[in-house]
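> mind folding the following:
(chains A and B)
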Amino acid sequence: MLKRMLAVAVGVLFLAGCQDNSGAGGEPGAAADENYFSGKTITYVIATDPGGGYDTYGRMISRYMQTYLPGSRIIIRNVPGAGHIVGANTIYASRGDGLTIGMFNTGLIYNQLLQLEGVNFDLTNMSWVGKASNEIRVMLVATNSPYKSFEDMLAADEPVKFAASGVGSAAYLDTRILDTVYPEFDIETIAGFAGAEGELSMMRGELSAQVGIASSYDQFVANGNGYFALAMSQLAADLYPDVPVAQDYATTEEGLQLLGLLEALSDLGRLTVGPPGIPADILAVLRDAHSKAVNDPELLAEAMQIHIPITEGSGEYVEQRIIEALNQPAEIVALLGQAATSQ
Amino acid sequence: MHLDVAFGTLFNLLTDPYLIGLMLIAVPLGAFFGAMPGLGGKLGVVLLIPFVFGMEPIAGAVLLLTMHSVVHTGGSIPSILFGIPGDGTSTAVVLDGYEMTRNGEGGRALGASFGASGIGGVLGAVFLGMLLPVLEPIVLAFSPAEFFLLAILGITFIATLSGKNVVKGLVLGLLGLMVAFVGLDPSTGGPRYTFGHLFLWDGIDIITAVLAMYAIPEMIALGSGQGAVDYGDGASKRYKISEVWDGILDVFRHWKLTLRTSLIGAVIGLIPGLGGDAASWICYGHAVQSSKTPERFGKGAVEGVIAPETANNSKEGGALLPTLFFAVPGSSGMALLLGAFLMLGIQPGPTIVTENLDLVWTLIWALAVANVLCVVILVALTPWLGSLANVRPPLLIPFVLVFALLGSYLSSAAWENLILIFFLGCLGYMCRRHSWPRPPFVIGVVLGPVAEDSLHKALALWGPSFFLRPLSLILIAMIIGSIVFYVWRTRRENALEGIGHD
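Just a heads-up that it's a prediction; the model follows:
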C-alpha cells in the first residue's frame, strides 16, 4: 500500500514537473492527478461537535468537494476539544498525503502568536486548501443600552460591559484588543457566555455589547434587539455601508497594527486545511476541488437558504494571509499578551 | 388565545396522512439515535437535515422536531436495562431505573419511563401553548444570579440523596464538586487540574462519570457473583405487557409528582443556559425530597424513574419557545433546529406569533403527538427489550462493557476517557462495595460547573448585591426551606425510631 502510494506520488510529481502547474482539466497530467483520489477515502476533520457553524460548513463543503474528486469518498470526523486545539493538532499530526483535511477556528492564530499551552501546530507550514467565508468582526450593541453609537461608548464615563465566551478564546481576545486599541475606551469583559447566552443577557439589559461575527447576528439585529456600532474590517463596507470602521478611530501605530490582526481574521473564515507536506500537485487538486465546490450554484443556493455567507478565497491567498498575520513584531505580540491577560 | 387556530391545527396535523407518515418515520429514528450510546439525537438530526432540504417548511420542521423530541424517550432504554446512559440527560434515570431491572422490575421501569416521557412531553407542549402570551418576561426573568441559586438548590439535595450516610454523602458530593473543577478556570482561562492533558480542558465528561459510577461497578459485581439480576423463575425472558402497563399506571398514581416535574422541566427548558442535564437531576432530587419514603430511592423507586423522565421531555417544549420567538436557541440541539428552520424558510423572531401562528401551533402539537406516538411504539416493543436485559451474566457483561466503553469514548471523541473510566470505575466499585451513596458525586459533577460559572457572571454583573434580586430572594428562601425541611424530617425519623426501639 505504502509502496503503491509512493509510486503514485513519484509518478504524479514527475508528471507535474513535465508541465506547468495550472492544473486545469483536459491535459493528461491533470487527469492523472484527479485519479489520485479515485477509490480513496478522505477524512474531513471538524474541530467541534456535530451541529453548529463549523460542522455545517465542513459537511457542506466536503459533500460538494467529493463530487469534484471523482471516485473519492469524504467522511466526516468530529474531533472536538479544548476550543478547536485538539482538532487542529489532529490535522497537523496526520500524514501529508492529502487524505486528511479539515476545518478549525482561524482564531487559533492568536494561540500560535502567544505560544499558548496545547499548541502542537505551526499554521505557517500547513497546506491551505481554501476559504469559504468572510467572518467580519463587528461590535454588536444592545438597543436597550444607553449607547446609541460608538462615539457614545467612547465618551462613556463608566466601563462598558461586554459579553465574551471563555477567557483566552478568540472572541475574548477580539474584545480585549479593542480595549487596548482605544485607550480612552474602558471595556469590562465578562466571560463565560457561550452560544447565544450573550445575546440573551443583552436582551435582559445586563450587558451592553459583544464582539462577534456579523452574519451570526443578522437575526438579532433584524428583530430590533441590537445594532452594529463598529466593524473591524474594511470588508464590511459593501455589506454594512453605514457602520463605522474601527481603523478610523485608531490613534496609534500599534493600535492600527493590532486591528490588522482583526482585519486578517475577518478575512479568513471557514478555512479548509491539510497537514504540512502535502505534495504540491495533490494540494493543487484539492484546491481546485474546493474552489469548484464553493462556486457550485447548488452549494450557493443551499448556503443562501440556511443564511450562511459564502466568499471564496484560494488556498494560495489564504496561505499568504496566514503567514502575514503570524509575522508580527515582538512589541505587538507583547501588547496582545497584555490584552489576553487583562479583564 | 386563538382557540380556533389552536385546535384547527391539531385537527389538520392528525388528518394529514403525509405529516403523520413523516412522524411515523421520525419517531423510531429519533428513539434509535437516542438509545444508541454515543450516537445521540443531535447527530441524528445532523444526518437528517440534508434530506429535508427542499421540503415544505411545515413538513420539514415537523419531521426534524419530531425526531428531536423523542430522543430522550429512547435514551432511557439503555439506562434502565444496562445502566448505560445514552446521553447526559439520561444519566439520572440510571439510579432507580437500572436498580428496578436488577430487582426484576425492568418492564415496569420501562413502562414508567415511557409513560412519564410521553406525559412530560405532552404537558411541556401544553405549557408552551399556554405561555405564548406572556413569554418574554418569563424567559428574561432568569439571569446568572438565578442559575447560581438553582444550582445551589440542586446541590442541597445531596443531603437527602445521601440516605442514612450524610457524612459519606457530603464527602462524595464535595469530591464530585472537585472533579467538576477540572478544566479551564472560567475566570482566568487557565487550565486547572488538567496535568498537561488537553482532553481535560473541557472538564470531566459527565457520561463517562456516570458509566464509571454505575455500569462498571455493576458489571464487576455481577461478574464476581454479587448482585445478580433477579430472573424470577427463569421462564419468562420477555416482559409481560401487564408489567409495562403497571409502569405506565405508576405515572398516574404519582400524578402530583408528574405534574410538578413536568412544570419544573418546562421552566428549566425555557431559560437557556442551565442545561438539560441539570433539569433531570434537579427533578430527581426534588422527587427524593418530596417523597414520604426517601430511603427507597436508589434501590428501585419508580418515582426515581418518573421524575427525570418527565423533565427530560417537558424541557423540550420549554426550549422550543426562545428558539422560535427570539431566534435564541436554548440548547445545542435547538441551535441545530434553528439552523434547519432557517433553511426551510421559517423565520424565527417575535413576529412569528402574529404572522405565522398556524406554524407555531402545528409545531407545538407535533411535539405533543410525537411523544404520544413514541410511547405507543416503544411500549409495543418493550416485551422484546426484556429479552435483551435478561441475558445470562457471562454473555451480558462483555456486551455491556463494550457499549459502556464505546459510549464513553464517543461522548467526547477522546480515547483518554477510557483511562478515566477505569480510575473512576474503581472509585465507583469501592463506593458500591462499601455502601457509599453515589448520587451526591454525580450531582456535584453535573451542577458544580453551572454553579461556578454563573457565580462568576453574577458577581461580575452585580457584585454581591445579586443576592437581593427579588427572584434570588425567593430561591434563597427555597434553599433554606429545603435544608430546614431535611433537618426536621431527620430529627422526626430519629425520634420515631427511638420510640420504636423502646
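
> low-scoring stretches of the stretch 351-500 of chain B, by residue?
Counting by pLDDT under 70, the stretch 351-500 of chain B contains low-confidence ranges at B:389, B:498-500.

> now do the strands in the stretch 51-200 of chain A.
Taking DSSP state E, counting those that start in this stretch to define them, one finds strands in the stretch 51-200 of chain A at A:73-78, A:100-103, A:127-133, A:137-142, A:160-163, A:187-190.

> partner strands of the third one, with direction?
Okay, so that is strand A:127-133. strand A:269-274 (antiparallel), strand A:313-314 (antiparallel) (DSSP bridges).

> which bits of the stretch 51-200 of chain A sit near chain B?
A:51-52, A:55-56, A:59, A:63, A:78-83, A:85-86, A:89, A:117-118, A:161, A:166-169, A:172, A:188, A:190-193, A:195-197, A:199-200 (C-beta under 8 Å from any C-beta of the partner chain). Where C-beta positions appear, they are placed from N, C-alpha and C, glycine not excepted.

> just the buried residues from the residues you listed, in ChimeraX please.
Selection command for ChimeraX covering only the buried members of those, criterion 16 or more other C-beta atoms under 10 Å in any protein chain shown:
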select /A:51,52,55,56,59,63,78,79,80,81,82,83,85,86,89,118,161,166,167,168,169,172,188,190,191,192,193,195,196,197,199,200
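
> quick one: contacts for the residue nearest to the spatial centre of chain A?
With distances taken as C-alpha atoms, centre = their mean, residue A:269 lies nearest the centre of chain A, 3.1 Å away. Neighbouring residues of residue A:269 by C-beta atoms under 8 Å, 6 or more residues apart in numbering or on different chains: A:106, A:131, A:132, A:133, A:134, A:135, A:213, A:311.

> ok, now how distant is the residue lying closest to the fifth one once chain neighbours are set aside from chain B?
Spelled out, it's residue A:134. Spatial nearest neighbour of residue A:134, excluding adjacent residues (C-beta to C-beta, 6 or more residues apart in numbering or on different chains): residue A:311 at 4.6 Å. Computed with C-beta to the nearest C-beta, to the nearest Å, the distance linking residue A:311 and chain B is 19 Å.

> next one: residue A:205
Residue A:205 is 8 Å from chain B, by C-beta to the nearest C-beta.

> what residues does the stretch 201-343 of chain A put near chain B?
Close to chain B, as judged by C-beta under 8 Å from any C-beta, the stretch 201-343 of chain A has residues A:201, A:203-204, A:206-207, A:219-220, A:222-223, A:225, A:302, A:305-307.

> Three-state assignment for residue B:349, please.
coil (DSSP: H, G, I helix; E, B strand; the rest coil).

> can you show me the CA trace of stretch B:315-330 as PDB?
C-alpha atoms of stretch B:315-330 as PDB (Å, rounded to 0.1, in the frame of the first residue of the first chain):
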ATOM      1  CA  LYS B 315     -38.000  20.700  28.800                       C
ATOM      2  CA  GLU B 316     -38.000  20.300  25.000                       C
ATOM      3  CA  GLY B 317     -41.300  22.100  24.900                       C
ATOM      4  CA  GLY B 318     -39.800  24.900  27.000                       C
ATOM      5  CA  ALA B 319     -36.700  25.100  24.900                       C
ATOM      6  CA  LEU B 320     -38.600  25.500  21.700                       C
ATOM      7  CA  LEU B 321     -40.000  28.800  22.800                       C
ATOM      8  CA  PRO B 322     -36.900  31.000  23.000                       C
ATOM      9  CA  THR B 323     -35.700  29.400  19.800                       C
ATOM     10  CA  LEU B 324     -38.900  30.300  17.900                       C
ATOM     11  CA  PHE B 325     -39.500  33.700  19.400                       C
ATOM     12  CA  PHE B 326     -36.100  35.300  20.000                       C
ATOM     13  CA  ALA B 327     -34.200  33.100  17.500                       C
ATOM     14  CA  VAL B 328     -32.000  32.400  20.500                       C
ATOM     15  CA  PRO B 329     -31.600  28.700  20.900                       C
ATOM     16  CA  GLY B 330     -31.700  27.300  24.500                       C
END
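
> that one and chain A in contact?
Yes - on the criterion C-beta under 8 Å from any C-beta, stretch B:315-330 is in touch with chain A at B:322, B:326, B:327, B:328, B:329.

> let me have those in JSON lines, extended by pLDDT, neighbour count and secondary structure.
Shown next, in JSON lines, are the residues of stretch B:315-330 next to chain A (pLDDT from 0 to 100; neighbours: other C-beta atoms under 10 Å in any protein chain shown; DSSP: H, G, I helix; E, B strand; the rest coil):
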{"residue": "B:322", "pLDDT": "79", "neighbour count": "27", "secondary structure": "helix"}
{"residue": "B:326", "pLDDT": "77", "neighbour count": "25", "secondary structure": "helix"}
{"residue": "B:327", "pLDDT": "75", "neighbour count": "23", "secondary structure": "coil"}
{"residue": "B:328", "pLDDT": "73", "neighbour count": "26", "secondary structure": "coil"}
{"residue": "B:329", "pLDDT": "74", "neighbour count": "24", "secondary structure": "coil"}
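
> show me what contacts the residue nearest to residue A:223 when sequence neighbours are not counted?
Counting by C-beta to C-beta, 6+ apart, the nearest residue to residue A:223 once its immediate chain neighbours are dropped is residue B:349, at 4.6 Å. Residue B:349 sits next to A:219, A:222, A:223, B:325, B:326, B:327 when contact means C-beta under 8 Å, 6+ apart.

> nearest to residue B:479, of the residues of stretch B:315-330 next to chain A?
residue B:322 (25.9 Å; C-beta to C-beta).

> coming back round to it: and among the strands paired with strand A:127-133, the most buried is which?
Neighbour counts (mean count of other C-beta atoms under 10 Å in any protein chain shown) averaged over each of those peak at strand A:269-274, with a mean of 26.
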